[in-house]
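# Sequence and predicted structure below; questions after.
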Amino acid sequence: MALSQGTIDLEDAIDVREIKNVKLANQLLKIKRKKKQEKDMQIQQANMQAQADANVQAQQAAAQLEVQKQQALVGAQVQLEQAKSNFESQRLSEEAKLKKDLMAYEFQINMALKSKEAEVHKTKESYKENRKDDRTKIQASQQSQLIEQRQRNTGPKNFESSGNDILSGDFDLGSFEPR
């Protein structure tokens, strides 16, 4: 019966049957049962320890895998941020270069504009001076004619235009029309 319940091993059952003394056989049966229980307990504890060790190893492996996963994520994020930073740096560099080129072009245009303005001012001043010189020559000529008139005691002189400043004839003014 103890054998069928698994409280003793087959070898122990054979040993107990060979003992003719019942009292001694019962004591041996108790001892063998106790040893079997201790042995089963040790095996169970060893199994539990092995299971606990396996669980610890599995947890460590999972933790290590998670750490590697996090490191990979962080590495990917760092690379992404570096790529963004490099892109932004290149964009700013290109923008600065374009602004520099634009400023140089604007400077050239402003210099050309100032040059043209100075040229127009110079031409205007030259024209004013030429007109002033012409007026002075006309005035000097008229003064000398007036002096001559006084010295010769002649009649008054007409200084108005004698019609030479009127345009007549066929002039092609098409080049002056708006385009």
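Perfect, thanks for sending it.
# And the residue nearest to the spatial centre of the chain, how far from Leu80?
A centroid search over the chain (CA atoms, centre = their mean) returns Glu88, at 2.4 Å, as the residue closest to the centre. Distance check for Glu88 against Leu80: by CB to CB, to the nearest Å, it reads 12 Å. To be clear about C-beta, it is placed using only N, CA and C from the backbone, and glycine gets the same treatment.
# Extract the residue ranges of this structure that are flagged as low pLDDT.
In the prediction, the chain carries residues with pLDDT under 70 at positions 1-7, 155, 157-176, 179.
# can you do 80?
Filtered on pLDDT under 80, the chain yields the residue ranges 1-17, 19, 22, 25-26, 28-29, 32, 153-179.
# for the top helix by length along it, packing partners?
Longest among the helix segments of the chain by residue count, using DSSP state H, is helix 22-152. Under the contact definition 3 or more CB pairs under 8 Å, 6 or more residues apart in numbering; DSSP states H and E, helix 22-152 sits against helix 10-18.
# So which elements touch the helix it packs on?
Secondary structure elements in contact with helix 10-18, counted by 3+ CB pairs under 8 Å, 6+ apart, are helix 2-5, helix 22-152.
# Could you tell me which residues within that helix count as buried?
Asp12, Ala13, Val16 (16 or more other CB atoms under 10 Å).
# what about it, distance to the chain center?
Relative to the chain's own centre, helix 10-18 is displaced by 87 Å; criterion: CA atoms, centre = their mean, to the nearest Å.
# before we move on, what about stretch 63-81?
Taking CA atoms, centre = their mean, one finds the center of stretch 63-81 at 23 Å from the center of the full chain.
# And for stretch 136-146?
Averaged over its C-alpha atoms, stretch 136-146 has a centre that lies 78 Å from its chain's centre (CA atoms, centre = their mean).
# With only the CA atoms kept, save that stretch in PDB.
Included here for stretch 136-146 are C-alpha records, laid out as PDB according to Å, rounded to 0.1, in the frame of the first residue of the first chain:
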ATOM      1  CA  THR A 136      26.300 135.600 -69.600                       C
ATOM      2  CA  LYS A 137      27.500 135.600 -73.200                       C
ATOM      3  CA  ILE A 138      24.200 136.900 -74.400                       C
ATOM      4  CA  GLN A 139      24.100 139.500 -71.700                       C
ATOM      5  CA  ALA A 140      27.700 140.500 -72.500                       C
ATOM      6  CA  SER A 141      26.900 140.700 -76.200                       C
ATOM      7  CA  GLN A 142      23.800 142.800 -75.400                       C
ATOM      8  CA  GLN A 143      25.800 145.000 -73.000                       C
ATOM      9  CA  SER A 144      28.500 145.600 -75.700                       C
ATOM     10  CA  GLN A 145      25.700 146.400 -78.200                       C
ATOM     11  CA  LEU A 146      24.200 148.800 -75.700                       C
END
